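[1] give me coordinates for this.
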Amino acid sequence: MKTLVTGGGGFLGRAIVEQLLLRGDDVTVFARGNYPALEAQGAALIRGDLQDAAAVSQACAGVDAVFHVAANAHYWGSWESFYGPNVTGTQNVIAACRRHAIPKLIFTSTPSVVANGQNRSGVDESTPYPERYQSYYAHTKMLAEKLVLNANCPELLTVALRPHVIFGPRDTQIIPRLVARARAGKLFRVGDGRNKLDVTYIDDAARAHLQAADALRPGSAAAGSAYFISQDEPVNLWDFVNDLLVRLDIPPVERAIPLGAARAVGGVLEFIYRTFRLSGEPRLTRFLADELALDHYYNISRAKRDLGYRPQLTIEQAVQKTVAYFRNQRVGSGR
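    Below you'll find the predicted structure:
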């Protein structure tokens, strides 16, 4: 199968590319940067921007399936910085799929599309989108997910996956940020410390995308559907964080701030950053406070039934592999 992976040089995109190559697919990566390691493994590379409709169309020519992974996934930025890549970029991908009669589109979404400022404890895909969002990322990903699912038709079968808190070797976001903040003494527990969340090991998140592509057939339940993806083993967030830190020779988080206070601080910081157009990102936002203090774990029965998805590793096995990688990279005590 000839495939295109947008954002194929990123954390999740690279894992998808490697699994596609491993099973013998012909893979092209569409990304803004250069990725010689992927080219050395056999992938072709086309450089371009999702907001360039002509470039996206050219990249899509002649492929059988598009894995649309690329997005602005930061938690802070302007509306335009999220809307362009996440919504306009997705519109361009859908248009290119239609133009070139590509039969399958697999979209990487996020559970944040249903984030509503409340606990999400074991909810499933029937959970509606909220009326308001505290995060431009979540809002624009919802708009993109709706575009993808509404585009489903006999000529273009579409599916959206919502993997939650992806971690593992080569992570460049979650674990490095936790480590940096913890080492600087800037990491605080938010809330009472009892909240649970889902996590997803990188290889399982990638495997779910391949299974979703294989499940896309005319009349299949997967066509036009969204799926939560995780290790199916909710963890206590702060126990999970502290366990990772201790294994990386970093003292655990001991200081805490109530959720109400964290939301207030986040709101003030958002106002300051937007009013004075400060560069960088605030240490805390209202959305981030909720993510650090509330339950957000999901029922993945639908993915098991329709996609045949089963996580291949337990949490402990996934953590061991992750810690081994970062210790080898000397992330942690700096030894």
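
[2] state the mean pLDDT of stretch 180-190.
    In this model, stretch 180-190 carries a mean pLDDT of 94.

[3] again, but for stretch 26-40
    In this model, stretch 26-40 has a mean pLDDT of 97.

[4] then stretch 207-218?
    The model assigns stretch 207-218 a mean pLDDT of 98.

[5] give the buried residues for it.
    207-216 (16 or more other Cβ atoms under 10 Å). Any C-beta I mention is one placed from the backbone N, CA and C, and that applies to glycine too.

[6] for stretch 13-26, same thing?
    Result for stretch 13-26 [16+ other Cβ under 10 Å]: buried residues 13-21, 25-26.

[7] contacts for it, please.
    Stretch 13-26 is contacted by residues 1-3, 5-8, 27, 29, 31, 35, 38, 41-43, 67, 69-70, 170, 202-203, 205-207, 209-210 when judged by Cβ atoms under 8 Å, 6 or more residues apart in numbering.

[8] in strands, which of those appear?
    When DSSP state E is applied, the contacts of stretch 13-26 are split such that 2-3, 5-6, 27, 29, 31, 67 fall in strands.

[9] now, of the residues you listed, which are buried?
    When these are checked for burial by 16+ other Cβ under 10 Å, the buried set is 3, 5-6, 27, 29, 31, 67.

[10] check those residues and tell me the two furthest apart.
    Greatest spatial distance in those: T3 and A31, 14.1 Å, computed using Cβ to Cβ.

[11] circling back: from the buried ones among the ones in strands among the contacts of stretch 13-26, which is closest to I315?
    Nearest to I315 among those: F67, at 25.8 Å, using Cβ to Cβ.

[12] quick one: contacts for L259?
    Contacts of L259 (Cβ under 8 Å, 6+ apart): 190-191, 289-290, 293-294.

[13] tell me the one of those residues nearest R330?
    Closest to R330, out of all of the contacts of L259 and judged by Cβ to Cβ, is V190, at 28.6 Å.

[14] name the residues that touch stretch 229-243?
    161-164, 178, 187, 189, 193-201, 204-205, 208, 252-253, 292, 297-298, 300, 303, 309-311, 313-315, 318-319.

[15] among these, which ones are in strands?
    Secondary structure from DSSP E places 161-163, 189, 196-197, 200-201, 297-298 of the contacts of stretch 229-243 in strands.

[16] going by distance to Y136, which of these wins?
    Nearest member of the ones in strands among the contacts of stretch 229-243 to Y136, counting by Cβ to Cβ, is R162, at 17.8 Å.

[17] these two touch, right, the closest one and S225?
    No: using Cβ atoms under 8 Å, R162 makes no contact with S225, being 10.9 Å away.

[18] who has more neighbours out of the two?
    R162 (26 against 21; other Cβ atoms under 10 Å).

[19] quick check: beta-bridge partners of that one?
    Per DSSP bridges, the residues bridged to R162 are F228.

[20] and the pLDDT at it?
    98.

[21] how much space separates it from D249?
    R162 sits 33 Å away from D249, going by Cβ to Cβ, to the nearest Å.

[22] quick check: longest helix of the protein.
    Longest helix in the chain, counting residues (DSSP state H): helix 259-275.

[23] that one: which residues count as buried?
    Within helix 259-275, the residues that count as buried by 16+ other Cβ under 10 Å are 259, 262-263, 265-266, 269-270, 273.

[24] and which of these is nearest R98?
    Distances from R98 to the buried residues of helix 259-275, taken by Cβ to Cβ, are shortest for E270, at 38.0 Å.

[25] right, and the closest one touches T285 too?
    Yes: taking Cβ under 8 Å as the definition, E270 is a contact partner of T285 at 5.5 Å.
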